[in-house]
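Q: 3D model of this:
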Amino acid sequence: MLKFKYILWLSVLSLPLALYYSSFFAPLKSESTNLTLIFFYIASLGHFFIYFFIISLLILPFLFIKNKLSIFFQILILSLAFVILAIDSHLFSLYRFHLNLAMLDLFFNGGDVIELSTSLKIRSFIEIACLILYAFFIIYLAKMLNKFKVRYFVLTALFCLIFANLNHAYSNAKNLINTTDFINRLPLFKPLTANNMMLRLGLISKDELHNNKISLSKSSVFDYPKEDLIFDENKKKPLNILLIINDSLRFDMLNETNMPLSYAFSKNAFVFKNHYSSSNSTRGGIFGLFYGISPNYWHASLNAGTIPALLQSAYKNDYKLGVFTSASLNKPEFYKNIFNQENNLRFGSKPNPAYLRDEECISDFKEFLTNLKDNERFFSFIFFDNIHGFSFPPDFKTPFNPYIPKPNQLNLKNDEEKTKFFNLYQNAVYYADTNINKLLELLKEKNLDKNTIIIISSDHGEEFDDNKKGFFGHNGNFTDTQIKIPLIVKHPLKQGQEIDTLSTAYDIPVTLMQEVFGVKNDPKTYSLGQNLFNLTQREYFIAGSYLENAIIEKDRIILINKLGVLSFKDINYSNHANTKNRQNIFKTLQDMNEFLK
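A: Numbering: from 1, shown residues only. Predicted structure coming up:
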């Protein structure tokens with residue numbers, strides 16, 4: 001019992017040091033209320049008590065050793081925990097990301113990617129020495145205090161932990177960012193969310209959960225855009241914007257056989273032959289398309305409620321927003337970040353299957369155009385889902401036969417069955433092509449085609465075991481079949497052409513903001529992209545998924561999982577022999593944290 005009490009004292013005595021380093025993670029005082037800072041340090045106290053309690057438990061076996069070796073291991077374990085916290089806090093204060101295995105890998109194996117100055121080495125040595133002394137001090141103090149009660153300190157720390165979790169759960173349900181933002185700041189902080197319980201207790205209604213606007217706050221860690229947008233009146237163009245996005249449309253479908261109508265339309269437009277999504281999933285693909293930054297910022301944007309700079313430009317220039325999605329905006333929660341400022345948002349189409357929902361999108365878009373006032377400009381986003389759902393009308397004359405009506409991917413045992421499955425996909429693509437054409441015809445009917453920038457693209461690709469690795473669908477890897485997508489851009493004031501230079505979804509916001517709204521800001525302040533009409537060669541770009549991020553190079557894919565573990569693949573997803581060139585890894589980590597305060 002005394003040994004366990006000693007462990008508790010070590011955990012409590014570690015908290016002053018933890019609170020000092022918490023200041024490196026804290027919101028800026030100049031941009032935060034006193035209440036926000038109080039909540040932050042309460043959360044820090046509870047969170048780091050658990051952190052050091054778990055660390056201190058590692059010491060427990062050494063307490064049964066009755067010699068100086070016990071003290072040595074106690075100091076070693078505590079010192080390592082202190083040093084890791086110190087390194088993480090300094091990293092966060094400089095780059096806004098936490099310590100992970102990728103950073104350690106770069107430090108030990110990255111050559112001259114990370115180089116420490118002599119003065120920094122000296123400061124680091126002094127700081128580590130102080131941390132070792134602190135570990136020795138609290139071990140000595142814990143032994144002295146072991147005869148006194150520790151329960152009140154422990155209960156206080158546990159109260160802070162419970163309060164922080166309940167506060168986060170309530171704030172998350174109410175869309176209050178002052179405490180939900182802490183999840184991005186504190187290392188390993190995974191607080192409670194309990195929307196369903198909040199609903200049952202009557203603390204929040206379903207309407208509030210879906211429709212509450214997130215209260216913006218300067219204390220948010222999300223630093224996007226990095227400066228207020230400035231518009232050049234002389235460079236503005238009175239053009240409408242129509243984004244036609246097809247879920248799961250892969251790059252090689254844009255041809256005369258699979259999409260004859262869109263292919264014919266592309267002959268008078270810009271066609272980007274080497275275009276990539278920001279993700280192999282819908283959430284990341286749509287996020288990158290609108291925000292122009294990598295999907296790893298998803299949670300930061302969700303907690304902050306900051307809408308994309310692209311839509312900020314549209315609102316500030318009095319554009320009417322029309323959002324017509326087949327799938328729901330609830331999952332992923334696009335209604336909480338991308339379209340957060342839109343009143344009476346259309347959350348999706350109701351009928352099933354997917355082809356009926358797509359038809360409803362077209363019908364609603366037609367009504368939207370009909371209700372436009374004279375000289376009113378619009379920004380419209382149409383998101384079709386039939387390809388993703390392998391859906392088309394029963395009486396649709398399918399050009400690709402035979403096909404499997406209801407495939408079971410687990411039973412695709414031979415090439416013939418895989419071909420039938422792929423034929424099903426191609427039939428869905430062929431039907432989607434007719435829907436795209438219906439939208440284009442609507443613009444012509446309303447005489448809007450001559451003053452509308454039309455963009456046809458996708459959120460991600462779709463794989464059918466193309467690389468013989470057993471992958472089907474998407475969100476499985478970062479090969480071309482899952483992240484390379486078509487891009488057609490029809491600009492009414494420019495002559496179209498084919499472009500082979502690498503382009504990404506990040507480029508679309510930059511292009512529209514410069515070409516339509518006359519945004520003067522440096523694109524680096526709001527995007528990782530370039531203007532599609534003035535592309536330069538890239539060494540790499542970032543793509544993300546729910547589970548990991550990837551650095552896509554010309555002949556190599558570097559994977560960074562949630563723990564920061566690196567793995568190297570070639571373009572076919574076999575292991576890559578070159579694991580030494582790591583310059584782009586550090587650049588990527590900076591890109592992935594550039595828009596955090």
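Q: where's the closest residue to residue 50 other than its chain neighbours, which helix or strand?
A: In this structure, residue 50 finds its nearest non-sequential neighbour in residue 161, 6.3 Å apart by CB to CB, 6 or more residues apart in numbering. Quick note: C-beta positions are derived from backbone N, CA and C, even for glycine. Using DSSP states H and E, residue 161 falls within helix 151-174.
Q: starting at the chain centroid, how far to that helix?
A: 27 Å (CA atoms, centre = their mean, to the nearest Å).
Q: show me what contacts the residue nearest to residue 50?
A: Neighbouring residues of residue 161 by CB atoms under 8 Å, 6 or more residues apart in numbering: 45-47, 49-50.
Q: if I look at it, how far off is residue 37?
A: Distance, residue 161 to residue 37, using CB to CB, to the nearest Å: 18 Å.
Q: again, but for residue 295
A: Distance from residue 295 to residue 37, counting by CB to CB: 30 Å.
Q: contacts for stretch 373-382?
A: With CB under 8 Å, 6+ apart as the test, stretch 373-382 has contacts from 238-245, 311, 314, 317-325, 361-362, 365, 368-369, 372, 439.
Q: Give me the subset of these that lies in strands.
A: Those of those mapping onto strands are 240-245, 320-325, per DSSP state E.
Q: From residue 137, how far out is the nearest residue to residue 520 once chain neighbours are set aside?
A: Nearest residue to residue 520, sequence neighbours excluded (CB to CB, 6+ apart): residue 230, at 4.5 Å. Separation of residue 230 from residue 137 (CB to CB): 54 Å.
Q: Then residue 512?
A: Residue 512 is 59 Å from residue 137, by CB to CB.
Q: neighbour count winner among the two?
A: Between residue 512 and residue 137, counting by other CB atoms under 10 Å, residue 512 is the more crowded of the two (24 against 11).
Q: Now for residue 377, how many residues are close by?
A: 17.
Q: so where's the longest helix in this protein?
A: If you go by DSSP state H, the chain has its longest helix at helix 415-445.
Q: list the contacts for residue 405?
A: Residue 405 neighbours (CB under 8 Å, 6+ apart): residue 424.
Q: what about residue 287, which SS state?
A: Three-state assignment for residue 287 (DSSP: H, G, I helix; E, B strand; the rest coil): helix.
Q: shouldn't it be in contact with residue 299?
A: No: contact criterion CB atoms under 8 Å: residue 287 and residue 299 do not qualify, at 10.7 Å.
Q: neighbour count winner among these two?
A: Remark: of residue 287 and residue 299, residue 287 carries more neighbours, 29 against 16, as counted by other CB under 10 Å.
Q: picking up where we left off before, summarise which helices and strands the longest helix of the chain is packed against.
A: strand 240-246, helix 260-266, helix 354-370, strand 378-384, strand 452-458, strand 463-464 (3 or more CB pairs under 8 Å, 6 or more residues apart in numbering; DSSP states H and E).
Q: Which neighbouring elements make contact with the fifth one?
A: Meaning strand 452-458. On a contact count with 3+ CB pairs under 8 Å, 6+ apart, strand 452-458 meets strand 240-246, helix 260-266, helix 415-445, strand 488-490, helix 507-515.
Q: and the first one with strand 378-384, angle?
A: Counting by axes from the mean of the first three to the mean of the last three CA atoms, to 10 degrees, strand 240-246 points 10 degrees away from the direction of strand 378-384.
Q: which stretches of the stretch 201-350 of the chain form helices?
A: Here the stretch 201-350 of the chain has its helices, by DSSP state H, counting those that start in this stretch, at 206-211, 260-266, 282-291, 298-304, 309-316.
Q: could you dump the last one to CSV, C-alpha only?
A: Output of helix 309-316 as CSV, limited to C-alpha atoms (Å, rounded to 0.1, in the frame of the first residue of the first chain):
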residue,chain,number,x,y,z
ALA,A,309,-11.2,30.7,-47.8
LEU,A,310,-12.8,29.9,-51.2
LEU,A,311,-16.3,30.2,-49.7
GLN,A,312,-15.3,33.2,-47.6
SER,A,313,-14.4,34.8,-51.0
ALA,A,314,-17.8,33.8,-52.4
TYR,A,315,-19.8,35.2,-49.5
LYS,A,316,-17.8,38.5,-49.4
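Q: Which of the residues in that helix are classified as buried?
A: 309-314 (16 or more other CB atoms under 10 Å).
Q: with those residues in mind, which one is nearest to residue 273?
A: Checking the buried residues of helix 309-316 against residue 273 by CB to CB gives residue 310 as the nearest, at 23.9 Å.
Q: and the gap between the nearest residue to the closest one once chain neighbours are set aside and residue 519?
A: Leaving out its chain neighbours, the residue that sits closest to residue 310 by CB to CB, 6+ apart is residue 509, at 4.2 Å. Residue 509 sits 9 Å away from residue 519, going by CB to CB.
Q: Could you list the low-pLDDT ranges of the stretch 351-500 of the chain?
A: Residues of the stretch 351-500 of the chain that meet the criterion pLDDT under 70 lie in 408-411.
Q: Cheers, nothing more for now.
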